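Engineer: build me a model from this:
(2 chains)
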There are 2 protein chains.
Amino acid sequence: MTIIAGRPERLPDSARIVASALAVEGVVNAEGFHSWFARRNEQDSMYVEQVPLDSMTGWHFTPDRASLAHDSGRFFSVEGVHVTRHDGGTVEWSQPIISQPEVGILGYLVKEFHGVLHFLVQAKVEPGNREQLQLAPTVQATRSNYTKVHGGAATPYLEHFLPGSRGRVIVDVLQSEQGSWFLRKRNRNMVVETTDEVEPRENFCWVTLGQLRAALATPHMVNMDARSVLACLPLPTVEWPDHDGLTRGRYAADLRRSMWTTDTGCCRHTGSEIVSWLNDVRTGTTVGIEPVPLARLADWEISTTDIAHREGRYFRIVGISVKSAQREVPSWHQPILAPSGVGVVAFLTRRVNGVLHVLVRAAVEPGFHDVVELGPTVQCDPTSYVGVRAEERPPFLDYVLSATDNVRYDVPQSEEGGRFYHAECRYLLVDGDQASLPEHPDFRWMTIGQVLALQQHRNHVNVQARSLIACLHSLW
Amino acid sequence: MTIIAGRPERLPDSARIVASALAVEGVVNAEGFHSWFARRNEQDSMYVEQVPLDSMTGWHFTPDRASLAHDSGRFFSVEGVHVTRHDGGTVEWSQPIISQPEVGILGYLVKEFHGVLHFLVQAKVEPGNREQLQLAPTVQATRSNYTKVHGGAATPYLEHFLPGSRGRVIVDVLQSEQGSWFLRKRNRNMVVETTDEVEPRENFCWVTLGQLRAALATPHMVNMDARSVLACLPLPTVEWPDHDGLTRGRYAADLRRSMWTTDTGCCRHTGSEIVSWLNDVRTGTTVGIEPVPLARLADWEISTTDIAHREGRYFRIVGISVKSAQREVPSWHQPILAPSGVGVVAFLTRRVNGVLHVLVRAAVEPGFHDVVELGPTVQCDPTSYVGVRAEERPPFLDYVLSATDNVRYDVPQSEEGGRFYHAECRYLLVDGDQASLPEHPDFRWMTIGQVLALQQHRNHVNVQARSLIACLHSLW
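Structural biologist: Here you go, the predicted model:
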């Protein structure tokens, strides 16, 4: 170790992340971890039932049923919008959307034990979860939460993420969430290292990234916020040393190589070409968002029980009553978005110049902060396309849905249970090496390392792609 | 040279940029370049005179004098806004602002001659320039320009920057411009390499970056758009080889080292810490922009000749008539923003851990796309602070203005002459090694390399800081 001007030269964070990923067990072994989680599952519970929209305590329709808002004016609201997208042609539609302009914090506290980074995971129940308990980041707090608008208890461990008392920052990047359901929502995705003594509370546990990787292979075990942050972890951009703990097999080795390959001659496009393509979309597309009262949204109807599309498509907004002994406030009412179907989120992969690439899509979503972000190859609710002609179905959807022995990952995962009710997607990785895949102007082949590099900077990669990239960590 | 999968391994662009910077002469020698520029100065001219605001052909006040707009609805408009900034305290004010939502292109076409990259520079007159002719990028075009809303001629060389016919992209990044004068304006800053035969038209010339560096030491010779793009050029992030062409002297060597030093133990803060600090400002600050009709702006008055602040501060909006034989359209009227005083744009430098750092400021400007960007240490019009108490003057302004033998660069440069009339700033680099500079929460010490790294990504570094960084290239 050399010391330069008082700052110890340590291993790069990216190497420490890989070391933690290779640690199958940590201060708590597999058995201890699973019995802790099972115990939390017995003790944490949440009672959720549907209530009429206009009888929710603390919530009201604004005049003329323009929007559905919290009495404090904080948290979030459900608004109506008319969206117009011009990019040569014009597409327009109306929809309800969740407006949550505050920037919250999704943060992992990490700490070295016996030289290995451990992540302080939280077992957390959310009202929209189908499986009630999931692994969340250490802190998952809206600004209203942590400035205590709800009058509840303080968010545990929050001080490690705030200016003044903050630990050493490994990740801090503003990222978008579902741009079709949220209007310009962003959260700070953070990983902060502490050297303090930190006692885990009963619903928290120190685990290695290796233990989290195993959890990512399990349905509905790692929540969306956790997946979003885990995807932002820095990885080495040079060849990783060979190691006993690495998964064998060609596809796993290909995934690793794709993760460390950034701008070399092996990449199908340079990073600059990818950014240039996104800038073409960004400057050639106009997305207009006009507010429209919920009661006047074309194709949508407000009833006592929900706000729903006339044909039952997309999603409904319903009201729920929640009771929980474990949360900052013991009971509350809130609106929540219930999708109509189970989504599909998939990356197609193929080898280009001998290196595995994933097929990314230029995703334009109305709620994005800056028009376009990189998305997975397929991201949709197939039930919205029942009966739709082949040429109007999302590209590659049918290929993905019909894939069989070239499927490398196929695990259902939950979306954010604080705003979405029983929202789940089938996350897929499909090896497209043998397929004849046409070039398409909305798609580009990139190495995973190139996606990771862009993802270090705000609003480049959407939440579905981040979430799926986190899932890929269970494969190598 | 090795060939991998059909893509030749060439020197990295950053190394080719340094090689061009060290080339004092290119296909045109110094004498040829200066005689070309002098000849253009004789032949290109523009006749500009002031006209009443409401008699401008093609422009009109909208009803109730709400705004000043082009009859086509394109180009740009002058709007009124009330700005409210909350960040613990609240500051609010009203002002006119230029709205130009279209994203334009500022682009250099580059090409190798005898193995050295050359830049195709344009000698361009703008109506707001005090010195009429300046060196501009190859293409400097608003979307209205290049989609020919004005009905004029096509923009030369534009095809090299458009999808389909575009050359190899070296730089393509969306950057903001003056956030106090423009509402959310952004331009694509591009550098594109061609291998085509390209004949320079009479107002274009192929020069090396070395020749541009010399021009950056000359007052008002390189225009703002050119400086903005030149600042975005990639530079090596490892030690540059020693070379005969390098300027000698400790400060020049320190500048070079600062430029290639990114995240090593020598940096005062890590890149993650800097981004985290910007995220603190971004999430802790709310900037509200409410439209207000120009005629009802508090503290501003519309007369026949201008829109002006009652105390003569800040700037005026005036109307001008322009005649030019060289432009796409031979004559036109337009509004233009005329600042009241000469601005000051300065970086303080100091050695930290033996490496030169610059003092950057978290600049919050109402027109920014995402609340905050990195700005220079000082960026203001000192005439706006005449008579203001010391504690309310911008930090470090008085130190910079009183600096004498520790001034390393002090050259007046012009701001964009298409929208601003006789707008100029004194660009300064001041060595603060001997000064006792207090820590200030709005400022951080960064190496130039760290600023350059963030600047590769959209909307991280404001136009004044970029412009000054381009100027620094004349010093090493």
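
Engineer: if residue A:431 is in a bridge, with which residues?
Structural biologist: residue A:349 (DSSP bridges).

Engineer: residues near it, how many?
Structural biologist: Neighbours of residue A:431 under the rule other CB atoms under 10 Å in any protein chain shown: 18. (C-beta placed from N, C-alpha, C; glycine too.)

Engineer: how close does residue A:473 sit to residue B:74?
Structural biologist: 48 Å (CB to CB, to the nearest Å).

Engineer: quick one: which of those two has more around it?
Structural biologist: A count of neighbours by other CB under 10 Å puts residue A:473 above the other of residue A:473 and residue B:74, at 22 against 17.

Engineer: near chain B, which residues of the stretch 51-200 of chain A show up?
Structural biologist: Proximity of the stretch 51-200 of chain A to chain B, by CB under 8 Å from any CB of the partner chain, involves residues A:103, A:143, A:163, A:166, A:169, A:170, A:171, A:172, A:173, A:174, A:188, A:190.

Engineer: I'd like those laid out as a markdown table, including secondary structure.
Structural biologist: Output for these, formatted as a markdown table (DSSP: H, G, I helix; E, B strand; the rest coil):
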| residue | secondary structure |
| --- | --- |
| A:103 | coil |
| A:143 | helix |
| A:163 | coil |
| A:166 | coil |
| A:169 | strand |
| A:170 | strand |
| A:171 | strand |
| A:172 | strand |
| A:173 | strand |
| A:174 | strand |
| A:188 | strand |
| A:190 | strand |
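
Engineer: show me which of those are buried.
Structural biologist: A:103, A:143, A:166, A:169, A:170, A:171, A:172, A:173, A:174, A:188, A:190 (16 or more other CB atoms under 10 Å in any protein chain shown).

Engineer: neighbours of the closest residue to the second one other than its chain neighbours, just the number please.
Structural biologist: Counting by CB to CB, 6 or more residues apart in numbering or on different chains, residue A:102 is the residue found nearest to residue A:143 once chain neighbours are left out, at 4.0 Å. Other residues near residue A:102 come to 19 when the count uses other CB under 10 Å.

Engineer: pretty sure residue A:102 sits in a helix.
Structural biologist: No: Residue A:102 is assigned coil when assessed by three-state DSSP, not a helix.

Engineer: surely it and residue A:141 touch.
Structural biologist: No: Residue A:102 is not in contact with residue A:141 according to CB atoms under 8 Å; the separation is 10.2 Å.

Engineer: state the distance from residue A:271 to residue B:466.
Structural biologist: Taking CB to CB, one finds residue A:271 at 20 Å from residue B:466.

Engineer: between these two, who's got more neighbours?
Structural biologist: For the pair residue A:271 and residue B:466, the greater number of neighbours falls to residue B:466 (29 against 18), based on other CB under 10 Å.

Engineer: so what does the helix or strand where residue A:374 lies touch, helix or strand wise?
Structural biologist: According to DSSP states H and E, residue A:374 maps onto strand A:372-375. Applying 3 or more CB pairs under 8 Å, 6 or more residues apart in numbering or on different chains; DSSP states H and E, we find strand A:372-375 packed against helix A:271-284, strand A:355-364, helix A:463-472.

Engineer: so which bits of the stretch 201-350 of chain A are right by chain B?
Structural biologist: The stretch 201-350 of chain A has residues A:264-266, A:270, A:272-273, A:275-277, A:279-280, A:282-283 near chain B, with proximity defined as CB under 8 Å from any CB.

Engineer: hmm, 7 Å instead?
Structural biologist: By CB under 7 Å from any CB of the partner chain, the residues of the stretch 201-350 of chain A that approach chain B are A:265, A:266, A:272, A:273, A:275, A:276, A:279, A:280, A:283.

Engineer: turn those residues into JSON lines, columns for pLDDT, neighbour count and distance to residue A:147.
Structural biologist: JSON lines is the format used below for those (pLDDT from 0 to 100; neighbours: other CB atoms under 10 Å in any protein chain shown; distance: CB to CB, whole Å):
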{"residue": "A:265", "pLDDT": "84", "neighbour count": "15", "distance to residue A:147": "50"}
{"residue": "A:266", "pLDDT": "93", "neighbour count": "18", "distance to residue A:147": "48"}
{"residue": "A:272", "pLDDT": "93", "neighbour count": "21", "distance to residue A:147": "41"}
{"residue": "A:273", "pLDDT": "94", "neighbour count": "18", "distance to residue A:147": "43"}
{"residue": "A:275", "pLDDT": "96", "neighbour count": "22", "distance to residue A:147": "36"}
{"residue": "A:276", "pLDDT": "97", "neighbour count": "22", "distance to residue A:147": "41"}
{"residue": "A:279", "pLDDT": "96", "neighbour count": "22", "distance to residue A:147": "37"}
{"residue": "A:280", "pLDDT": "96", "neighbour count": "19", "distance to residue A:147": "40"}
{"residue": "A:283", "pLDDT": "92", "neighbour count": "19", "distance to residue A:147": "37"}
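
Engineer: distance to residue B:376 added to those, as CSV?
Structural biologist: Shown next, in CSV, are those (distance: CB to CB, whole Å):
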residue, distance to residue B:376
A:265, 38
A:266, 39
A:272, 27
A:273, 31
A:275, 25
A:276, 28
A:279, 26
A:280, 31
A:283, 27
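
Engineer: ok, so of these, who is nearest residue B:93?
Structural biologist: Of all those, residue B:93 sits closest to residue A:283, with 31.0 Å by CB to CB.

Engineer: for residue A:277, see how far away the closest one is.
Structural biologist: 11 Å.

Engineer: with the buried ones among the residues of the stretch 51-200 of chain A next to chain B in mind, which one is nearest to residue B:155?
Structural biologist: Using CB to CB, these come closest to residue B:155 at residue A:174, 35.2 Å.

Engineer: isn't that closest one right up against residue A:457?
Structural biologist: No: shown here, residue A:174 and residue A:457 do not form a contact pair, counting by CB atoms under 7 Å, at 9.2 Å.

Engineer: what helix or strand is residue A:205 on?
Structural biologist: Secondary structure (DSSP H and E) places residue A:205 in strand A:204-208.

Engineer: what packs against that strand?
Structural biologist: helix A:30-43, strand A:116-125 (3 or more CB pairs under 7 Å, 6 or more residues apart in numbering or on different chains; DSSP states H and E).

Engineer: all set, thanks.
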